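**Student:** coordinates only, no sequence provided:
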Ligand SMILES: [Zn+2]
């Protein structure tokens with residue numbers, strides 16, 4: 001794995017590679033951006049490039065140094081993760097003891113501090129001393145998706161590299177290269193992942209959300225006949241954390257949008273490719289105005305989720321308004 005394997009981050013990678021090319025490296029970097037978009041892959045790729053025996057700006061992937069970094073056994077590479085909930089001062093002290101040792105192969109020592117927002121105050125202070133006077137042979141890479149939790153004194157010592165959410169197309173391209181993923185699920189998973197590869201893999205591995213998707217589809221298909229089931233479903237969904245409820249609401253939304261698209265004769269852009277046949281039949285069950293109202297209801301429910309109301313009530317109301325568009329169960 002090297003810089004070439006990271007998708008959708010050309011701006012961030014261009015900045016890093018320019019620093020390597022121009023030998024203008026900072027002693028410390030802060031890689032920020034959403035979870036699961038390639039920050040850690042970029043950090044490891046940087047470690048490769050800085051130690052590659054072929055001097056390849058990408059890391060050649062063949063020399064003994066690149067291979068050792070890939071296997072995480074290179075003496076110059078240290079990756080720190082939280083122990084429990086925090087990155088503790090002892091972990092930073094161990095790094096420091098190690099960095100005082102001479103380099104006996106490669107060119108740069110690289111510390112990758114993942115989930116840097118979890119540094120304790122003491123650990124951050126200890127790290128700050130190194131950031132203030134970084135040894136020339138060391139590059140420190142802090143990784144975080146919540147930079148506001150880092151002390152400003154730390155941030156000000158780092159060169160900041162922003163990573164963006166991935167585009168749906170990038171996620172879909174990455175998923176296509178993985179084994180064991182049914183092709184028909186790729187469009188829907190890419191859309192539900194909200195720009196994060198780790199979210200996409202979670203959706204596939206955990207399967208629970210995809211099972212709920214089946215239930216939601218069944219509800220939409222059978223409509224009023226399953227009104228009771230809607231209450232059971234709402235109760236179960238309401239116990240999930242907000243970001244998961246939002247994913248579930250997006251599932252409902254994407255079904256409704258697909259039906260709308262099919263109704264308008266557009267079968268190219270639909271997301272739920274695996275359900276296309278059934279969705280085609282369902283388009284007869286919904287009038288245009290019914291669909292538009294239902295879509296608006298789901299959008300509104302997503303908004304209300306953040307307004308500190310009972311999630312169960314929001315979900316129950318949503319389903320009732322989807323089944324009975326003529327009723328106004330909540331104002332507006
Ligand atoms: Zn190499």
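**Tutor:** Received it, and whenever you're ready, just let me know what you need. Note that the structure is a prediction, hence the values are computed from the model and not measured.

**Student:** for the ion, what's the nearest residue on the stretch 151-300 of the chain?
**Tutor:** Among all residues of the stretch 151-300 of the chain, residue 161 sits closest to the ion, at 22.1 Å; criterion: Cβ to the ion. In this view, the C-beta of every residue, glycine as well, is placed from N, C-alpha and C.

**Student:** and that residue, helix, strand or coil?
**Tutor:** Three-state call for residue 161 (DSSP: H, G, I helix; E, B strand; the rest coil): strand.

**Student:** run a quick neighbour tally on it.
**Tutor:** By other Cβ atoms under 10 Å, 24 other residues sit near residue 161.

**Student:** and what of residue 140?
**Tutor:** Residues within reach of residue 140, counting by other Cβ under 10 Å, total 24.

**Student:** sorry, back to before: next one: the residue of the stretch 151-300 of the chain closest to the ion from residue 124, what distance?
**Tutor:** Separation of residue 161 from residue 124 (Cβ to Cβ, to the nearest Å): 20 Å.

**Student:** just to revisit the earlier point, ok, the residue of the stretch 151-300 of the chain closest to the ion - contacts?
**Tutor:** With contacts defined as Cβ atoms under 8 Å, 6 or more residues apart in numbering, residue 161 is in contact with 12, 15, 16, 29, 30, 31, 32, 42.

**Student:** and if you look at residue 220?
**Tutor:** Residue 220 touches 252, 255, 256, 282, 322, counting by Cβ under 8 Å, 6+ apart.

**Student:** can you check residue 291 too?
**Tutor:** Residues near residue 291 by Cβ under 8 Å, 6+ apart: 256, 259, 260, 263.

**Student:** re the thing from before, highest neighbour count among the contacts of residue 161?
**Tutor:** Most surrounded of the contacts of residue 161: other Cβ under 10 Å gives residue 31, at 29 neighbours.

**Student:** verify the stated contact: that one with residue 145.
**Tutor:** No. Using Cβ atoms under 8 Å, residue 31 makes no contact with residue 145, being 9.6 Å away.

**Student:** so what's in contact with the two at the same time?
**Tutor:** With Cβ under 8 Å, 6+ apart, residue 31 and residue 145 have common neighbours residue 39.

**Student:** and residue 58, how far from residue 141?
**Tutor:** For residue 58, the distance to residue 141 - Cβ to Cβ - is 17 Å.

**Student:** higher neighbour count, these two?
**Tutor:** residue 141 (27 against 18).

**Student:** report the beta-bridge partner residues of the more buried one.
**Tutor:** For residue 141, the beta-bridge partners are residue 29, residue 112 (DSSP bridges).

**Student:** what is the burial count for the residue in the stretch 101-250 of the chain that the ion sits nearest to?
**Tutor:** Nearest residue of the stretch 101-250 of the chain to the ion: residue 106, at 9.8 Å (Cβ to the ion). For residue 106, the neighbour count with other Cβ under 10 Å is 23.

**Student:** check residue 144 too.
**Tutor:** Counted with other Cβ under 10 Å, the neighbours of residue 144 add up to 22.

**Student:** which parts of the stretch 1-150 of the chain sit against the ion?
**Tutor:** 52, 54, 60, 63, 66 (Cβ under 5 Å from the ion).

**Student:** burial count for the last one?
**Tutor:** Right, the one you point to is residue 66. Using other Cβ under 10 Å, residue 66 has 25 neighbouring residues.

**Student:** assign a three-state SS to it, would you?
**Tutor:** Put simply, residue 66 is helix when judged by three-state DSSP.

**Student:** correct me if wrong: it contacts residue 58.
**Tutor:** No. Using Cβ under 8 Å, residue 66 makes no contact with residue 58, being 9.4 Å away.

**Student:** what is in contact with these two at once?
**Tutor:** In contact with both residue 66 and residue 58: 2, 48, using Cβ under 8 Å, 6+ apart.

**Student:** for this structure, which residue is closest to the average position?
**Tutor:** residue 196 (2.4 Å; Cα atoms, centre = their mean).

**Student:** wait, that one sits on residue 165?
**Tutor:** Yes. Using Cβ under 8 Å, residue 196 makes contact with residue 165 at a distance of 6.8 Å.

**Student:** quick check: bridge partners of residue 79?
**Tutor:** Counting by DSSP bridges, residue 79 forms beta bridges with residue 112.

**Student:** ok, now which ones touch residue 151?
**Tutor:** For residue 151, the contacting residues are 121, 124, 128, by Cβ under 8 Å, 6+ apart.

**Student:** neighbours of the second one, just the number please.
**Tutor:** What it means is residue 124. Other residues close to residue 124 by other Cβ under 10 Å number 18.

**Student:** check which helix or strand covers it.
**Tutor:** Assigning secondary structure by DSSP states H and E places residue 124 in helix 121-132.

**Student:** and the strands in this structure?
**Tutor:** Taking DSSP state E to define them, one finds strands in the chain at 28-32, 77-80, 109-113, 138-144, 159-162.
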